[in-house]
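In: For reference, the sequence and a predicted model appear below.
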Amino acid sequence: MAKNRFTKTNFLWLLLIIVSYFLINLLINIGIINKVYQTVMLTIGINIILAISLNLIIGITGQFSLGHAGFMSIGAYSTGVIVKQMGGNLSSVFIGMAVGILLSSIVALIVAIPTLRLKGDYLAIATLGFGEIIRIVIQNMKITNGAAGLVLPKLLDWKLVFLFLVISTFIVVAFTNSAPGRACISVREDEIASETMGINTTKYKIMAFVIGAILASIAGTLYASSFYVIKPDNFSFNKSIDILVIVVFGGMGSYTGSFVSALLIGILNTSLQSFADIRTIIYGALLVMIMIFRPQGILGNYEFKFSNLLKRFNKKEARS
Amino acid sequence: MLKIRDLNVHYGVINALKGVSIDVNQGEIVSLIGANGAGKTTLLHCISGIIKSTSGTIEFENNDITKKNAKDIVAAGITQVPEGRRIFKGMSVEENLLMGAYLRKDKEGIKKDLESVFERFPRLKERLKQNAETLSGGEQQMLAMGRALMANPKILLLDEPSMGLSPLLVKEIFKIIIDINKQGTTILLVEQNAKMALGIANRAYVLETGKIVLSGTGEELSNSDEIKKAYLGG
């Protein structure tokens, strides 16, 4: 089966990307999206990258990881340190990103090989411990300026975040639809059956884990160069939970769900900002409600596809 | 074809298999019967490389496969249909079948085998795009068998294919097993349904608490008093 890359649906995706790019650009230029909203937008974009990369590990491969903030901090601090050393220009951000990717993939491998033999709760605890180790190491190093953190210049605008959001989404979707991606889904569904099919389950778990870690590190780089200050506390256990909440809220295994829930949670957090006291209460109550009424998340494992939309459109046309 | 000698498996301190030796010859149906906890599934998992033995050897076509990993064992031509079907629930019937051919690269061969699976299990073709979770128990068993056949195995290990199926469906599944065997696939069948398993077997072994206690042709064992008493209900 030769794959045609110039299909109608691929074209529609490209169109959607271009249209949304120009739409955001227009809204910023005419002032509807002001400085505050731009910050919210950046947060949402970075959170989407974090959520889809964690979704690859948890939703697609079924490995419960709680150390995602650890990989994010590796990316953020690699960038932070290099920007500090080289002076703030855009190329230092990219060098930082590359170093972050390299470091996080090495660390992910070291963490994955022993821990991915564990299952369920044990894996969660092991990855949680790993995230805390990273944070404490950063807190005690000189080059990272300890608990005070690093103050960085703002080096990129929303366009780069948008670009990396598109790239990350492409990577996770393409991986999930590839043969190794299918193997990951089979590992999630049944490890023994996968092994009897000759699938090396450990290998695919590690693969998904490393790809997820790399994308989290990229998100960390974007975070470091968008928000002026990085501190070890930004990447605590709470951050991992925040990302997990986005994934579970949107639906494990649905990238569309991660997009929708990162957007909703981002908007919710912003609109509740003036009620700081009750914000966490409303947030918590909402989560409890979701878990009671839609335990599979907002979208379950539904995935938005243009091909489905086209099919429905064609049917309607045929009927009328 | 498959030669197992003095196989020992431990789960912690529990000795699940105590020196098991069995042979499966090319073209045979060999049944392995025994009660719950006798070690039948352990033996199959050990052959498939999912769990490791503590001592003993497994030879397949004169190659030692004792220490090989699950992937190489499937590539060598041994595929297991695991107990309780274990189909991939989030996937369609078609995707499940294609997972069976995961290690294969020959697209033509895969296509051909897919057609022959459809011929053998027409119901799977009707439900091709359906989520595998929505299939009935019998259909799931068929899917699990079809999926294993997609690996184009030389020997098929079947773990309790009759589990949880109605007598009529059990008959149908056993008919299919005989048919698969006639087309050249050797079969090692693990069953609690002793009557059916002995009925179609060329040879059979009885496993009790990790040891082979009896062996013989299917007919011999069906007529043995001990077996009648313990497994066939008088």
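Out: Received it, and whenever you're ready, just let me know what you need.
In: From the centroid of the chain, which residue is nearest?
Out: No chain in the question, so chain A it is. Geometric centre of chain A, nearest residue: A:L50, 1.7 Å, by C-alpha atoms, centre = their mean.
In: not quite, I wanted chain B
Out: B:L158 (1.5 Å).
In: Check whether stretch B:90-106 comes near chain A.
Out: Yes - Stretch B:90-106 lies within reach of chain A by C-beta under 8 Å from any C-beta of the partner chain, at B:90-91, B:95, B:98-100, B:102-103. Quick note: C-beta positions are derived from backbone N, CA and C, even for glycine.
In: from those residues, which single one is nearest chain A?
Out: Closest approach between the residues of stretch B:90-106 next to chain A and chain A, by C-beta to the nearest C-beta: B:L103, at 4.5 Å.
In: How about the secondary structure of that closest one?
Out: coil (DSSP: H, G, I helix; E, B strand; the rest coil).
In: give me the number of residues near the residue in chain A that chain B sits nearest to?
Out: Closest to chain B within chain A is A:G198: 3.0 Å, counting by C-beta to the nearest C-beta. Per other C-beta atoms under 10 Å in any protein chain shown, the neighbour tally for A:G198 reads 26.
In: wait, is it part of a strand?
Out: No - A:G198 sits outside any strand when classified using three-state DSSP, being coil.
In: That one contacts B:A70, doesn't it?
Out: Yes - A:G198 is in contact with B:A70 according to C-beta atoms under 8 Å; the separation is 6.4 Å.
In: what domains does the record give for chain B?
Out: B:1-40+B:50-77+B:156-234, B:85-152 (automatic domain parsing).
In: got those as a markdown table, with mean pLDDT and distance to A:F64 columns?
Out: Formatted as a markdown table, those follow (pLDDT from 0 to 100; distance: least, C-beta to C-beta, whole Å):
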| stretch | mean pLDDT | distance to A:F64 |
| --- | --- | --- |
| domain B:1-40+B:50-77+B:156-234 | 92 | 22 |
| domain B:85-152 | 93 | 17 |
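In: Go through those and name the closest to A:T127.
Out: With C-beta to C-beta as the measure, domain B:85-152 is the member of these nearest A:T127 (23.1 Å).
In: what residues does chain A put near chain B?
Out: So chain A meets chain B at A:1, A:179, A:182-183, A:185-186, A:188-190, A:192-200, A:253, A:301 (C-beta under 8 Å from any C-beta).
In: count of residues packed around the closest residue to B:G27 other than its chain neighbours?
Out: Residue nearest to B:G27 in three dimensions, not counting chain neighbours: B:T186, with 5.9 Å by C-beta to C-beta, 6 or more residues apart in numbering or on different chains. Using other C-beta under 10 Å, B:T186 is surrounded by 22 other residues.
In: Repeat that for A:F209.
Out: Neighbour tally, A:F209, other C-beta under 10 Å: 27.
In: how about the helices in chain A?
Out: With DSSP state H, the ranges of helices along chain A come out as A:8-29, A:35-55, A:68-86, A:90-115, A:120-139, A:158-177, A:179-189, A:191-196, A:201-224, A:237-250, A:255-271, A:276-293, A:306-319.
In: Compare the mean pLDDT across the ones you listed and name the weakest.
Out: Lowest mean pLDDT within the helices of chain A: helix A:306-319, a mean of 76.
In: ok, now which ones touch the residue nearest to the centre of chain A?
Out: In this structure, A:L50 makes contact with A:68, A:72, A:215-216, A:219, A:243, A:246, judged by C-beta atoms under 8 Å, 6 or more residues apart in numbering or on different chains.
In: May I have the secondary structure class of B:L232?
Out: Applying three-state DSSP: B:L232 is coil.
In: hmm, which of the residues of stretch B:90-106 next to chain A are the buried ones?
Out: B:90-91, B:95, B:98-100, B:102 (16 or more other C-beta atoms under 10 Å in any protein chain shown).
In: Show me which of the residues you listed is closest to B:G199.
Out: B:G100 (27.5 Å).
In: What residue, apart from its backbone neighbours, is nearest that closest one spatially?
Out: Nearest non-adjacent residue to B:G100 (C-beta to C-beta, 6+ apart): B:M150, at 3.1 Å.
In: Was I right to think the one you found contacts B:N96?
Out: No - distance between B:M150 and B:N96: 9.0 Å, which falls outside the contact criterion (C-beta under 8 Å).
In: Of these two, give the one with the bigger neighbour count.
Out: B:N96 (27 against 24).
In: just the helices in chain B please.
Out: B:40-48, B:70-76, B:93-100, B:107-120, B:122-126, B:137-149, B:167-182, B:194-200, B:218-223, B:225-230.
In: got the angle for the longest one vs helix B:137-149?
Out: So that's helix B:167-182. 10 degrees (axes from the mean of the first three to the mean of the last three C-alpha atoms, to 10 degrees).
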